[in-house]
Structures are given as structure tokens and as C-alpha cells.
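Engineer: sequence and predicted structure, then a few things I'm wondering about:
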Amino acid sequence: MFDKLRPHQIVRTIYDIDLQELKSRGIRGIITDLDNTLVGARDPVATPELVEWLDRVRQEGFQVVIVSNNNRSRVSVFAAPLQLPFIPAARKPMNKSFRKALSLMGLSSRQAVVIGDQMLTDVLGGNRMGLHTIMVLPVSPKDEGFLTRVNRTLERVAVRWMKRRGIALWEERK
């Protein structure tokens, strides 16, 4: 069970992801969370740095789909100006939204990665679908809602359990 919570990679931010390495492995699509992965949970629009990164991602030939548990209004206000497809109210870690994202991109699970800041939604959902999972540290952990705080508490418990068994290879987040 805990193997499904373990990301394949953990990086500080999306900007630390080695796009060339992903490309060399045949990855052509990125399924990304929105809140606290791309921007803070209360940030309505992309930062200039994020716009530049997304432009680079597209120039490298990657497709990007935002898959968020947040509502349509929040996600569309963010994604529309960037001309990014999105799936709101995704109910991650359920498979349906990940399947839909793969379908939108016309890719298989071997050709895409999931990027997110939560083990219990992004990582678990991606791993259940056989996707390569990349966990980032939260952009702004102070902006988290009640359910996210509960998830963070459960994540800390899972990480401690894995560490005791020599499974986890990353430092526990605070």
C-alpha cells in the first residue's frame, strides 16, 4: 500500500524538473496539479516565471493538462489565459481524471508524468495509473485548506512509517 504513496522523484519546484531527461525517456505529456504545485492556492493567475516555464515545456514538445480537485471557476480562471486544457473537480486520486487527461493528450500512461504536491492525491492517483510521479514541495503551504492540512498530517505519518522500514528516500516535509 505505501508503495503507491511513494513518488518516483521529488524535487523542490517544477523548475527543478529535468525536461531533457523526461524527453529522453519518451515522456510527451505532463499532467499537473494546480494549487501549491504551479502557484499558491490563493494565486489567481500564473507568475511570469511560470508562463516562461510553460512556454519552454511546450517548445520542448510536451503537452500539458491541469488536473485539479478545485472547482471549475478557480481552475478555468487560471488555465484559460494560458490556453491549457484542464480537468476541475477531479476527485484525485480516483482514476477517471487521469484517464481523461491521457485521452485529451492521446497518450498512454508510459508517455506521461504526474506532477503534484500531495502524496494522497497526486502521487497515489498517478501511481495507481502506472504514471511516473514527481512530487514538488508546496509553493505556499500556509494557504492550505482543511482537507489539505489533514492530508499533510497523514502524509507525515506515512513518511515516518516508510522511513522506519527504510522505504522513503526523501526528507520529511514540515
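Structural biologist: Looks like it came in fine. Residues are numbered from 1 along each chain as shown.

Engineer: next up, the contacts around residue 97.
Structural biologist: By C-beta atoms under 8 Å, 6 or more residues apart in numbering, the contact set of residue 97 is 67, 87, 90-91, 125. From N, CA and C alone the C-beta is placed, and that goes for glycine too.

Engineer: dump these to JSON lines, plus secondary structure and distance to residue 56.
Structural biologist: As requested, the contacts of residue 97 are exported to JSON lines (DSSP: H, G, I helix; E, B strand; the rest coil; distance: C-beta to C-beta, whole Å):
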{"residue": "67", "secondary structure": "strand", "distance to residue 56": "21"}
{"residue": "87", "secondary structure": "strand", "distance to residue 56": "23"}
{"residue": "90", "secondary structure": "coil", "distance to residue 56": "25"}
{"residue": "91", "secondary structure": "coil", "distance to residue 56": "30"}
{"residue": "125", "secondary structure": "helix", "distance to residue 56": "26"}
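
Engineer: tell me the two of those that are most distant?
Structural biologist: 87 and 125 (11.6 Å; C-beta to C-beta).

Engineer: with neighbour numbers in mind, choose between these two.
Structural biologist: residue 125 (28 against 22; other C-beta atoms under 10 Å).

Engineer: check what pLDDT the residue lying closest to residue 94 once chain neighbours are set aside gets.
Structural biologist: Excluding the flanking residues, the one nearest residue 94 by C-beta to C-beta, 6 or more residues apart in numbering is residue 125, at 6.9 Å. At residue 125, the pLDDT value in this model is 97.

Engineer: for residue 125, what are its contacts?
Structural biologist: Residue 125 sits in contact with 92-95, 97-98, 114, where contact means C-beta under 8 Å, 6+ apart.
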